[in-house]
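*Asks:* Kindly generate the corresponding structure for this input.
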Amino acid sequence: MLTRRELLVSAGFGGAYVLLGLNRLSMASQNMPVFALRGDGKVAVIDPSKDEVIKVIETGGRGGTLGSISKDGRFLYVANNAPDNRTLSIIDAQKLELVRNLETGNRPKHPVVSPDGALVAVNHSGLDGDGTRVVFISTSNNQIVGAVNLPVANKEHKGDFTMHGSWSPDGSIYAVGNYADNVFYLISREGKVLREVTLSGNPHYFDWRGKELWVTVEFNEPKTSLSAPNVYVYDVSNPASPLYRGLLKPELDVFEKQDQARIEGHHGNFTNDGRLFVLCNRGASPFEGTTIAFYDAVERKEVARINSNIKGVGHAYMTPDGRYAVITQYGDTKFEVVDIAQRKSIKVVDTGVGRHMGHAVFVGKKMYITNRVADSVFVVDTERWEITKRIQTAPSGQAQGQVVRDFYQVFERVGRAFLV
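*Replies:* Predicted structure coming up:
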C-alpha cells in the first residue's frame, strides 16, 4: 500500500490539500464507454461517439444498479443487490463481456475501489448470520482476500442494513454504516474493525477531506417536525480514537416541515476544490424534499441554502470544471443546474417522462443522466444545458440505475476522486 507521502510524490505534488483525480488512469479509460447499470440483470453499453447502445451485457444477477470502475479502467464491478442475490458481477470493461460472478454475501450493495486501485470493498445490505459482511477483493486476480462480519443487534430492522462505503484518501481506512443500529465502522484494509461510532440516525453517505470524515445521516431519530439531516464531522488521524469536530444541521423549508415524510437527508459531498460541502434533503417517499445546503469546509458553517425548484433532491454532481452542481432527484422528471460560485440555480431541465433522475457522468461537453422510470439515459449539452438525445436502455422495466465510466470515490465527484 502506498503511503500518503508516496501518493503525493508519485502524482508529482507536494502541498497540503492536493486533488488526486484521474490523471494517472490508463489511456484506455479515455475511450471508455458509458455503462448504464440496470436492476434487471443487464448492463447497457453506450458509445459516447455515437450516443447509442452498442451492446447489452447479461450479468446473470438482479438488482445491479450500483457499481465501480477499477482505477486502470480494466474492470467494472456490479453489485447484484436484489433479494436472494449473493454475487458481484465482474465485467471486462474493454472486451465488454462478463468475466465471472463472484459470491460475496447476502445482497452486495456498493463496490468501491481503493485509492491505490488494489482492492475493491464490497458491503452488503442483507444479513449473513448475526451480521452483515464487508469483503475485500484483489483487483489483480478478482479473488476475495479478506472479510469482516459486522455484528447487528437490531435484526428486526426493515430495509437495507448498509448503504454506501468510502475509502480514506490514503487507502488505509474503509468507512461504512449500519442502518439497523445507527452506527458506522472504521475498518482497516486488512479487515480489522478499528472503531465503532454511534450516531443519532441512519449513516448513509461518507466523504473525506484529508483525515476529516463527513458522515451524512438521513435524519435524527425519532423523526419529528424539528428533525433535519445531520452531518457529523470527525478527525480520523487516529482511527482507533476519532475526534468529534462538529454537527451540521440545515434549517429546512416551511414546506418540508409540514410533513415529516419530507425530512430525510440523502447524500452530502465536497466540491472539486474541497472548499464547500453540499448536502441534499431528499425526503422519504414520495420524495418531496427541496433544501440544498452549502457549508464552508474549513469553518464548517452554512454559507448558503437553496430551496430547489425540483423535489426529492438527492445528489449534487460536480461538473469536471468545478463550475456547476447538477442536482438529481427521486421524485420528479427534472434536474437542476446550480452555479457553485454564486450559489444559485441557473436552469431547470425537464425530461418530460418518467421520474427519478438519479445519476450522471460527464464526457467532454456532454452529460449522461439517468431516468429510472423511463428506462432511459438522456444526453445533455453542458454548454447550453439542453437535452440532445434520449437513449432507451430497455423497452420496459423501470430498472435503469447508475451510469458509470470513471474511477471514483464518491460518485458525484469523479473528476477529483480524493481530497488529500
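
*Asks:* Buried residues, stretch 370-390. List them.
*Replies:* Residues of stretch 370-390 classed as buried under the neighbour-count rule (16 or more other C-beta atoms under 10 Å) are 370-372, 374-380, 382, 385, 387. For every residue, glycine as well, the C-beta is placed using N, CA and C.

*Asks:* Now do that stretch: distance from first to last residue.
*Replies:* Terminal residues of stretch 370-390 are spaced 10 Å apart (C-alpha to C-alpha, to the nearest Å).

*Asks:* circling back to that earlier point, what about the buried residues of stretch 370-390, which are in strands?
*Replies:* Secondary structure from DSSP state E places 370, 371, 376, 377, 378, 379, 380, 387 of those in strands.

*Asks:* List just the nearest of those residues to residue 107.
*Replies:* residue 370 (21.4 Å; C-beta to C-beta).

*Asks:* right, and that closest one touches residue 361 too?
*Replies:* No: applying C-beta atoms under 8 Å, one finds residue 370 not in contact with residue 361, separated by 9.3 Å.

*Asks:* Name the residues contacting each of these two.
*Replies:* Counting by C-beta atoms under 8 Å, 6 or more residues apart in numbering, the common neighbours of residue 370 and residue 361 are residue 403.

*Asks:* if we take the buried residues of stretch 370-390, which one ends up nearest to residue 321?
*Replies:* Among the buried residues of stretch 370-390, and counting by C-beta to C-beta, the member closest to residue 321 is residue 382, at 9.1 Å.

*Asks:* Quick one: residues contacting the closest one.
*Replies:* 319, 324, 362, 365, 366, 367.

*Asks:* Drop anything exposed from those.
*Replies:* The buried subset of these - by 16+ other C-beta under 10 Å - is 319, 324, 362, 366, 367.

*Asks:* Spatially, what comes nearest to the second one if we skip its sequence neighbours?
*Replies:* Excluding the flanking residues, the one nearest residue 324 by C-beta to C-beta, 6 or more residues apart in numbering is residue 337, at 5.4 Å.

*Asks:* which stretch of helix or strand covers the one you found?
*Replies:* strand 334-339 (DSSP states H and E).

*Asks:* Equivalent analysis for residue 88, please.
*Replies:* Going by DSSP H and E, residue 88 is part of strand 87-92.

*Asks:* follow-up on the earlier one: please tabulate the ones in strands among the buried residues of stretch 370-390 in a markdown table, including the columns distance to residue 412 and pLDDT.
*Replies:* Shown next, in a markdown table, are those (distance: C-beta to C-beta, whole Å; pLDDT from 0 to 100):
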| residue | distance to residue 412 | pLDDT |
| --- | --- | --- |
| 370 | 13 | 98 |
| 371 | 18 | 97 |
| 376 | 20 | 98 |
| 377 | 17 | 98 |
| 378 | 18 | 98 |
| 379 | 19 | 98 |
| 380 | 16 | 98 |
| 387 | 20 | 98 |
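
*Asks:* I'd like to know which of those residues is nearest to residue 410.
*Replies:* Among those, and counting by C-beta to C-beta, the member closest to residue 410 is residue 370, at 16.9 Å.

*Asks:* Apart from its chain neighbours, what residue comes closest to the closest one?
*Replies:* residue 359 (4.7 Å).

*Asks:* Based on its surroundings, how many neighbours for residue 199?
*Replies:* 19 (other C-beta atoms under 10 Å).

*Asks:* And for residue 317?
*Replies:* For residue 317, using other C-beta under 10 Å, the count is 24.

*Asks:* could you dump the helix or strand hosting it to CSV, C-alpha only?
*Replies:* Element membership for residue 317, per DSSP H and E: strand 313-318. The C-alpha coordinates for strand 313-318 follow below in CSV (Å, rounded to 0.1, in the frame of the first residue of the first chain):
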residue,chain,number,x,y,z
VAL,A,313,-33.2,16.4,-4.2
GLY,A,314,-30.7,13.6,-3.8
HIS,A,315,-27.2,14.1,-5.4
ALA,A,316,-25.1,17.1,-6.3
TYR,A,317,-22.9,16.0,-9.2
MET,A,318,-19.9,18.3,-9.8
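
*Asks:* Could you list everything the residue nearest to residue 324 pairs with in the sheet?
*Replies:* residue 326, residue 347 (DSSP bridges).

*Asks:* which ones are touching it?
*Replies:* Residues counted as contacts of residue 337 (C-beta under 8 Å, 6+ apart) are 324, 325, 326, 327, 345, 346, 347, 348, 349, 385.

*Asks:* out of these, who's nearest residue 115?
*Replies:* Looking across those and measuring by C-beta to C-beta, the closest to residue 115 is residue 325, at 23.7 Å.

*Asks:* returning to that earlier point: now the buried residues of stretch 370-390 in CSV, with distance to residue 122?
*Replies:* CSV is the format used below for these (distance: C-beta to C-beta, whole Å):
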residue, distance to residue 122
370, 22
371, 27
372, 23
374, 29
375, 26
376, 28
377, 25
378, 30
379, 31
380, 31
382, 32
385, 36
387, 34
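
*Asks:* With respect to residue 73, which of these is nearest?
*Replies:* Nearest member of the buried residues of stretch 370-390 to residue 73, counting by C-beta to C-beta, is residue 377, at 19.9 Å.

*Asks:* mind checking the SS state of the nearest residue to that closest one once chain neighbours are set aside?
*Replies:* Closest residue to residue 377 apart from its sequence neighbours, by C-beta to C-beta, 6+ apart: residue 391 at 4.7 Å. Three-state call for residue 391 (DSSP: H, G, I helix; E, B strand; the rest coil): strand.
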